[in-house]
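Participant: take this sequence and fold it.
(3 chains)
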Amino acid sequence: MLQHLQGEGGRVFACDTEVAEINVLSESPVGHGRLVCFSIFCGDDVHFGLGTPNGVRQNKLWVDVLEQGDERAAIMESFRPFFEDPGVMKVWHNYGFDRHILENEGVRLKGFWGDSMHMARLWDSSRQSKGYALSSLTSDPDVMGVPRSELRGKTSMKQLFGKPNIKKDGTPGKLVVLPPVEEIQTDPETYGKWVDYSAYDAEVTWKLAVELERKLKEMRCHGDGVDPSLAATLPTTGLGGSFSMWDFYTNYWRPFGELLTDMEQEGVLVDNEHLAAMEEVAKKDQESKENIFRSWAAQYVPDAAFMNVGSGPQIRQLLFAGVPNQKPDLGDLEVSRTFKIPNTTGHIEPGREGKPPLKNRNIELFSVFGREEPTRFGVDVYTPSGWPAVSTPVLRTLAGKPGTAQKALDTSPSASLDPEDESDNDDVHSLRYESDDANPLDELPIAASYSAEAALEEQIAQGYGKAYSAFGGGHAGLSACAAIDALCDMAAIDTLLSNFILPLQGGEIKGPKGRVHCSMNINTETGRLSARRPNLQNQPALEKDRYKIRKAFTAEAGKTLIVADYGQLELRLLAHMANCESMLKAFRLGGDFHSRTALGMYDHIQAAVEHGDCLLEWDSSDGERPAPLIKDMYASERRKAKVLNFSIAYGKTAHGLAKDWKVDIGEAQETLERWYSDRPEVQTWQAERRAELHETKRVRTLLGRTRHLPNVDSRNSALRYHCERAAINTPIQGGAADIATLAMLELDRCEELRDLGWKLLLQVHDEVILEGPQETVDEGLALVRRCMEFPFAGTNPLKVELAVDANSATTWYEAK
DNA sequence: GGGAAATGCGCC
DNA sequence: AAAGGGCGCATTTCCC
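Facilitator: Alright, predicted model coming up:
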């Protein structure tokens, strides 16, 4: 077995640490936690000269470093050469955590041989339900390659060391609590068990790694997923056109795993002053919005004066009481419901007069249309469990945009609703609810009309939502719209505060230098990264960032940030993989890709362009624009083209499009066919992916990673269809992730960048952020662009160029 | 009081 | 017989 674990330098050691004084759920291991012990294992046959206490030969090394002092310092020093020797190979399960903990001790880990968590993900990316925890993997016979009877499953800490909690009166309670690690390690009762427990982790990590190495060596990486010409350019020599998944690991994910921990260690500087200022503004805004809604609701439902405006169920009760559940047998939403809320006003319940107020009180909520009245709001969106949804899009259709409407009325009574800021980002979601097809009034004359339908349409055209007429128009209608609008704003501000502004200021995620160190994980089904504690990959996008949160991410004094992102990475990759002539041509010619798509879909646009009535694009430096742009003249067609460009990669159906666009399925189908008419190769490619899925139960990414989709044979049709869509999306999303990985490896290996002092800080799927000296920003930008445009060992063998947009500034906001 | 489920929402 | 892929995380509510 030993030969399997021989890295270049010989034997491989599995290591594991145990740490006290850290809340792993909320705190970063960078700058937090105290090492209390560590253990090392390198094979059943290797002993550490410790004799045979209790008749058992000790093949595990367990080191106690709990007590502070000179002795501990001496022990750490004696192990430093082992940990820091690049020639001594070490394997870890979740390397980043242990690396940061040891770094806190001043130990600079070298000799990274592997991370068994990444190896497991590469072997099978789809253990979402079972997970990739050491205990889960090592108790799975399929993973360990031995019968269940030969596995010694890992017993949980709680089971081994849990004690009943001590109640206030000193008697043991029912709850099982885990004593602090220091206590477990010092208590003579548990010491022995603890040593066994923690040393066992190193042992099973080693055994897991041995087995995964064997498995990955048996797995072919690429099949026909990678163009052989591509494989030949991969940044390794001697791999040729076919290689094992182990080769993939050692060449890509092993260095990538190391690079990610460098990024985590580096962290990013956060400007707390800016956040604190924004917090103050946001809280004021939130309070005023909340009051608008609360006082409106209390006119109809008295107890709404005390409600929790942020509670979905309470809002649902006000707006949709009595509505039947969409699924059979679940009944109706109650006409009236009581909610328990904190009693902040000293309210005394009837019958408790003279007694002190209770901590909580009950409030009763019913419909704003009256206790027994049916809602006058139609319901067309339901939650997965069948209740009326109260999400922002739903509330938005009720509220409309009263502010905009008021503005329009003030300036010109006949002005139609201003279209939403046509920011040209790639956010397909923001397009969904403002598609002009959803609001046909843009094209209707706002003439006097006597039908109720036309009156309704008129309000919508003026910016009011369904609440206007539901409350009989006039002042009541206006204030209903304004109130629900305020509710939407309140919720949005609340999200910004509790997801971003508040946690980013907290110390739990901060390291010693006040920088934020999120954890970057290779833990998705497609091979994308994810980020945690905090998730820095979902910071508010520029155009929605009303408090400019991205301005809080800054470079330190004297330094600056480079933010570089790929343009249309996934679409480019689709063009490459499907070998789609029309898409490849559109990218070759450049310019606005979505306009080109519209051009390919609609003959009348084609004709207009040919006659010079409109232009695809215009460079303003060439003087006065002779004709309008497609973007303006055929905005609706372009918008559809843009939605389709993104939706097709996700396997969206005509049914889904029809629902989003509020058109019949035939029309949606027709539009879909228009898209494909210009790009038949995409349809062929998708059919091939489906066929591959049904044949092998797997799909592959550009570089040959696989995703297992066994549910393709499920009896549950929802699961089956999900697999079909995933089969189309995974090569695109996963392939884009492969390219991003290659680019980051190039950036990491680029000696010029390193010598100039540039360091990778973050990755957001198709975007990277680096920090470096202000003086060398121009060289930095050029090098970053080169690495990203030519991520295959300095080349780009794809059939499309990889467009990179790179900018620099001292904050993330300004550099993007 | 903690954990889980439901709901919702931020990003690409 | 579902109806766009991939994530992390907050809050409310229910349950033990």
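Participant: starting at the chain centroid, how far to the helix or strand where A:E77 lies?
Facilitator: Assessed by DSSP states H and E, A:E77 sits inside helix A:70-84. The chain centroid and the centroid of helix A:70-84 are separated by 39 Å under CA atoms, centre = their mean, to the nearest Å.
Participant: distance of the residue nearest to A:T205 when sequence neighbours are not counted relative to A:S78?
Facilitator: Closest residue to A:T205 apart from its sequence neighbours, by CB to CB, 6 or more residues apart in numbering: A:A14 at 4.2 Å. Just so you know, the C-beta spots here come from the backbone N, C-alpha and C atoms, and that holds for glycine as well. As defined by CB to CB, to the nearest Å, A:A14 lies at a distance of 19 Å from A:S78.
Participant: okay, the two: which has more neighbours?
Facilitator: Between A:A14 and A:S78, counted using other CB atoms under 10 Å, the more crowded position is A:A14 (28 against 10).
Participant: mind listing what the more buried one touches?
Facilitator: Listed by CB atoms under 8 Å, 6 or more residues apart in numbering, the contact partners of A:A14 are A:I40, A:F41, A:C42, A:K90, A:V91, A:W92, A:A202, A:E203, A:T205, A:W206, A:A209.
Participant: repeat for A:S595
Facilitator: Applying CB under 8 Å, 6+ apart, we find A:S595 in contact with A:L616, A:E617, A:L629, A:I630, A:K631, A:R638, A:A641.
Participant: now A:D262
Facilitator: Counting by CB under 8 Å, 6+ apart, A:D262 touches A:D748, A:K759, A:L760.
Participant: surely it is within a strand?
Facilitator: No. Counting by DSSP: H, G, I helix; E, B strand; the rest coil, A:D262 falls outside a strand, being helix.
Participant: where's A:P179 relative to A:T186, distance?
Facilitator: 10 Å.
Participant: can you give me phi and psi for the closest residue to A:I501 other than its chain neighbours?
Facilitator: In space, and not counting its chain neighbours, A:I501 is closest to A:E279: 5.1 Å by CB to CB, 6+ apart. Note on A:E279: backbone dihedrals following degrees, to the nearest 10 are phi -60, psi -40.
Participant: nearest spatial neighbour of the residue of the stretch 301-450 of chain A found nearest DNA strand C, skipping sequence neighbours?
Facilitator: Using CB to the nearest atom of the strand, A:S311 is the residue of the stretch 301-450 of chain A that sits closest to DNA strand C, at 3.6 Å. Leaving out its chain neighbours, the residue that sits closest to A:S311 by CB to CB, 6+ apart is A:F339, at 7.4 Å.
Participant: what is the neighbour count of whatever residue of the stretch 601-750 of chain A ends up closest to DNA strand C?
Facilitator: Closest to DNA strand C within the stretch 601-750 of chain A is A:G656: 2.0 Å, counting by CB to the nearest atom of the strand. A:G656 has 14 neighbouring residues, counting by other CB under 10 Å.
Participant: I'd assumed it was in a helix, is it?
Facilitator: Yes. Assessed with three-state DSSP, A:G656 lies in a helix.
Participant: residues from chain A in reach of DNA strand B?
Facilitator: Within chain A, the positions adjacent to DNA strand B are A:312, A:316, A:383-385, A:387, A:389-393, A:425-427, A:429, A:491-492, A:495, A:499, A:535, A:537-541, A:544-545, A:764-767 by CB under 7 Å from any atom of the strand.
Participant: among those, name the ones in strands.
Facilitator: Among the residues of chain A next to DNA strand B, the members falling in strands are A:E767 (criterion: DSSP state E).
Participant: now list the buried members of the residues of chain A next to DNA strand B.
Facilitator: A:316, A:387, A:389-390, A:392, A:426, A:491-492, A:499, A:537, A:539-540, A:545, A:764-767 (16 or more other CB atoms under 10 Å).
Participant: so which of these are in helices?
Facilitator: Among those, the members found in helices (DSSP state H) are A:R316, A:T392, A:A491, A:A492.
Participant: okay, now the domains of chain A?
Facilitator: Here the domain parsing of chain A from automatic domain parsing is A:2-218, A:223-264+A:517-577+A:734-816, A:277-400+A:464-497, A:578-733.
Participant: could you check the pLDDT of the closest residue to A:P141 other than its chain neighbours?
Facilitator: In this structure, A:P141 finds its nearest non-sequential neighbour in A:R148, 4.6 Å apart by CB to CB, 6+ apart. Looking at A:R148, its pLDDT is 89.
Participant: okay, now A:R148: neighbour count?
Facilitator: Using other CB under 10 Å, A:R148 has 11 neighbouring residues.
Participant: A:M117 versus that one, what's the distance?
Facilitator: 22 Å.
Participant: what helix or strand does the residue of chain A most remote from its centre sit in?
Facilitator: Ranked by distance from the centre of chain A (CA atoms, centre = their mean), the top residue is A:G354, with 53.3 Å. Taking DSSP H and E as the definition, A:G354 sits outside all helices and strands.
Participant: for A:E364, what are its contacts?
Facilitator: With contact taken as CB under 8 Å, 6+ apart, A:E364 is in contact with A:D303, A:S336, A:R337, A:T338.
Participant: so A:S469 touches A:G477, yeah?
Facilitator: Yes. In this structure, A:S469 is within contact of A:G477 by CB atoms under 8 Å, at 6.4 Å.
Participant: where does A:G600 land on pLDDT?
Facilitator: 95.
Participant: which element is it on?
Facilitator: Assessed by DSSP H and E, A:G600 sits inside helix A:593-601.
Participant: how far off centre is that helix?
Facilitator: 30 Å.
Participant: near DNA strand C at all, it?
Facilitator: No. Using CB under 7 Å from any atom of the strand, helix A:593-601 never reaches DNA strand C; the gap is at least 13.1 Å.
Participant: cool, and stretch A:288-300?
Facilitator: No. Counting by CB under 7 Å from any atom of the strand, no contacts exist between stretch A:288-300 and DNA strand C, the nearest distance being 11.4 Å.
Participant: and that stretch, what's its mean pLDDT?
Facilitator: Across stretch A:288-300, pLDDT averages out at 96.
Participant: that older thread, ok but the residue nearest to A:T205 is inside a helix, no?
Facilitator: No. Per three-state DSSP, A:A14 lies outside any helix segment and is strand.
Participant: need the pLDDT of it.
Facilitator: Note for A:A14: predicted pLDDT of 97.
Participant: tell me what it is bridged to.
Facilitator: A:F41, A:V91 (DSSP bridges).
Participant: still on that earlier bit, nearest to A:A736 among the ones in helices among the buried ones among the residues of chain A next to DNA strand B?
Facilitator: Closest to A:A736 out of those is A:T392 (28.2 Å), distances taken as CB to CB.
Participant: the residue in the stretch 1-150 of chain A positioned nearest to DNA strand B: what secondary structure?
Facilitator: Among the residues of the stretch 1-150 of chain A, A:L25 lies closest to DNA strand B, at 8.4 Å counting by CB to the nearest atom of the strand. At A:L25, secondary structure determined by three-state DSSP is coil.
Participant: angles on the backbone of it, please.
Facilitator: Dihedral pair for A:L25: phi -80, psi -30, per degrees, to the nearest 10.
Participant: that one: how many residues sit nearby?
Facilitator: Residues lying near A:L25 (other CB under 10 Å) number 8.
Participant: next, the buried residues of the longest helix along chain A.
Facilitator: Longest helix in chain A by number of residues (criterion: DSSP H): helix A:717-749. The neighbour-count check on helix A:717-749 (16+ other CB under 10 Å) flags A:722-748 as buried.
Participant: what sits closest to whichever residue of the stretch 651-800 of chain A sits closest to DNA strand B if chain neighbours are left out?
Facilitator: Among residues of the stretch 651-800 of chain A, the one nearest DNA strand B by CB to the nearest atom of the strand turns out to be A:H765. It sits 3.5 Å away. Sequence neighbours aside, A:R528 is the residue nearest to A:H765 in space, at 6.0 Å (criterion: CB to CB, 6+ apart).
Participant: am I right that the one you found is in contact with A:T730?
Facilitator: No. The pair A:R528 and A:T730 fails to qualify as a contact (CB under 8 Å) at a distance of 10.3 Å.
Participant: no further queries at this time; thank you.
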